[in-house]
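Engineer: structure, please.
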Amino acid sequence: MWAICVAAAVSQITNPLLLAIAMAAVVFVVMSRRTDAPWARAFRWYIYLGLFVILTRVILYILVGAKTGDVVLVRLPTITMPSWAAGIQLLGPISLDGLVVAACEGLRLAAMFVCFGAANALANPRRLLRLLPSALRDVGTAVVVAVSVVPSLVLGVGRVTRAQQLRGDLRGGIHRIRRVGLPLMEETLERSLALAAAMDSRGYGALREQSRTSRLITGAVTFLGLIGVCVGLFGLLDQGDIPVKLSLGLLIGGLGLGVAGVALAGRRSPVTIYRPDPWGIPEALTLECGLWTVGLVYAALDAHPEAAAMPTSPLGVPGVPLLALAGFLVAALPGVFTPDPMSAGREVVGT
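Structural biologist: Below you'll find the predicted structure:
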């Protein structure tokens, strides 16, 4: 939740100074509190992914972006598109303003990737799976597998590469890809079969028998809750003929029915927890820091809306509101007051 809160805060800004401060706070927490687990060691790849996103956004601006701005750096030849793609302009004059805007938008996406990587590096996905309701256990398993793919691949490539180096095989290029790819696929298949056997022995996928009436009631409650949430959100966002009070009531009622549907569906899945994860003061303070970050940043942007973006007309240095600065400094506090990580010990669940 801490990482989600920081990501929600950075999603509203393209101010490069605020984004840099936010990423520095996230990196500080990760460097201070990550373990030596495989998913924690893959954090640097999310930083590389963020750099790739920034570069891709700049390249897209050069190729097909809207060419606006007064300060022209390079005048590339313009490629005329056919009539069915009249709104697209390939190449053309590259302005400094457009490059800065594209880089700032890419930096915002990179900051969100860093927040996602921080959540993956700090939280054990298998332990988080145990906190989900029983009805969402299958969905949570799929999410955990998807999130664990990149760290597992990084760890597998490292093991195969070290084994080949110990054998004296230092060749690169296509030969190295072939020599790494085949053992990696073999190891991945073996790990998948072992995981499937372990999940089967622990009762994953086991269901209790339920009557047809109970299944119909569960489906109807969940469906009505989904309809209520959709209609309520539409009414709140549309601000048209549907009264706000009615929209809010539908949203709250839909959420309540959704929670009830999840609870009813969870009765069909027998799940027991051998070692429940405690929720203590460090976890609560970590979550509170994330909530304070969102609140302070949103308050700063409400008081100073011009600080959310990079000034481009004319191009200048963006401002840094004190409330937003304080919010991202609060986001770095979990790297100070939370317990030191241990390889086989207690981990911060609140991240």
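
Engineer: ok, Gly50 touching Ala111?
Structural biologist: Yes - between Gly50 and Ala111 there is a contact at 7.2 Å, judged by C-beta atoms under 8 Å. Using the backbone N, CA and C atoms, a C-beta is placed for each residue, glycine as well.

Engineer: between the two, which has more neighbouring residues?
Structural biologist: Of the pair Gly50 and Ala111, Ala111 is the one with more neighbours under other C-beta atoms under 10 Å, namely 27 against 21.

Engineer: could I have the CA atoms of stretch 222-240 written out in PDB?
Structural biologist: Output in PDB follows, covering the C-alpha atoms of stretch 222-240 (Å, rounded to 0.1, in the frame of the first residue of the first chain):
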ATOM      1  CA  THR A 222     -21.500 -10.100  -6.800                       C
ATOM      2  CA  PHE A 223     -23.100  -9.100 -10.200                       C
ATOM      3  CA  LEU A 224     -25.400  -6.500  -8.500                       C
ATOM      4  CA  GLY A 225     -22.400  -5.100  -6.600                       C
ATOM      5  CA  LEU A 226     -20.500  -4.700  -9.900                       C
ATOM      6  CA  ILE A 227     -23.400  -3.000 -11.500                       C
ATOM      7  CA  GLY A 228     -23.800  -0.700  -8.600                       C
ATOM      8  CA  VAL A 229     -20.200   0.300  -8.600                       C
ATOM      9  CA  CYS A 230     -20.200   0.900 -12.400                       C
ATOM     10  CA  VAL A 231     -23.400   3.000 -12.300                       C
ATOM     11  CA  GLY A 232     -22.200   5.000  -9.200                       C
ATOM     12  CA  LEU A 233     -18.800   5.800 -10.700                       C
ATOM     13  CA  PHE A 234     -20.500   6.800 -14.000                       C
ATOM     14  CA  GLY A 235     -22.800   9.100 -12.200                       C
ATOM     15  CA  LEU A 236     -20.000  10.700 -10.200                       C
ATOM     16  CA  LEU A 237     -17.800  11.200 -13.200                       C
ATOM     17  CA  ASP A 238     -20.500  12.300 -15.600                       C
ATOM     18  CA  GLN A 239     -22.200  14.900 -13.300                       C
ATOM     19  CA  GLY A 240     -25.200  14.900 -15.600                       C
END
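
Engineer: contacting residues around it?
Structural biologist: Contact with stretch 222-240 is made by 242-244, 246-262, 264-265, as judged by C-beta atoms under 8 Å, 6 or more residues apart in numbering.

Engineer: buried subset of those, written for ChimeraX?
Structural biologist: Here is the ChimeraX command that selects the buried residues among the contacts of stretch 222-240 (16 or more other C-beta atoms under 10 Å):
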select :247,250,251,253,254,257,258,260,261,262,264,265
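
Engineer: can you give me the helices for the stretch 51-200 of the chain?
Structural biologist: For the stretch 51-200 of the chain, the helices defined by DSSP state H, counting those that start in this stretch occupy 96-122, 125-129, 137-166, 174-201.

Engineer: those helices: lowest mean pLDDT?
Structural biologist: When the helices of the stretch 51-200 of the chain are ranked by mean pLDDT, helix 125-129 comes last with a mean of 65.

Engineer: low-confidence stretches in the stretch 251-351 of the chain?
Structural biologist: 266-277, 341-351 (pLDDT under 70).

Engineer: so where do the helices sit in it?
Structural biologist: Under DSSP H, counting those that start in this stretch, the stretch 251-351 of the chain gives helices at 281-303, 322-331, 334-337.

Engineer: how far away is Leu264 from Phe223?
Structural biologist: 12 Å (C-beta to C-beta, to the nearest Å).

Engineer: hmm, I typed the wrong one, I wanted Leu287.
Structural biologist: Counting by C-beta to C-beta, the gap from Leu287 to Phe223 is 31 Å.

Engineer: among these two, which residue is more densely surrounded?
Structural biologist: A side-by-side neighbour count of Leu287 and Phe223, using other C-beta under 10 Å, places Leu287 first with 19 against 13.

Engineer: so which of the helices of the stretch 251-351 of the chain is the most packed in?
Structural biologist: The highest average neighbour count among these, using mean count of other C-beta atoms under 10 Å, belongs to helix 322-331 at a mean of 20.
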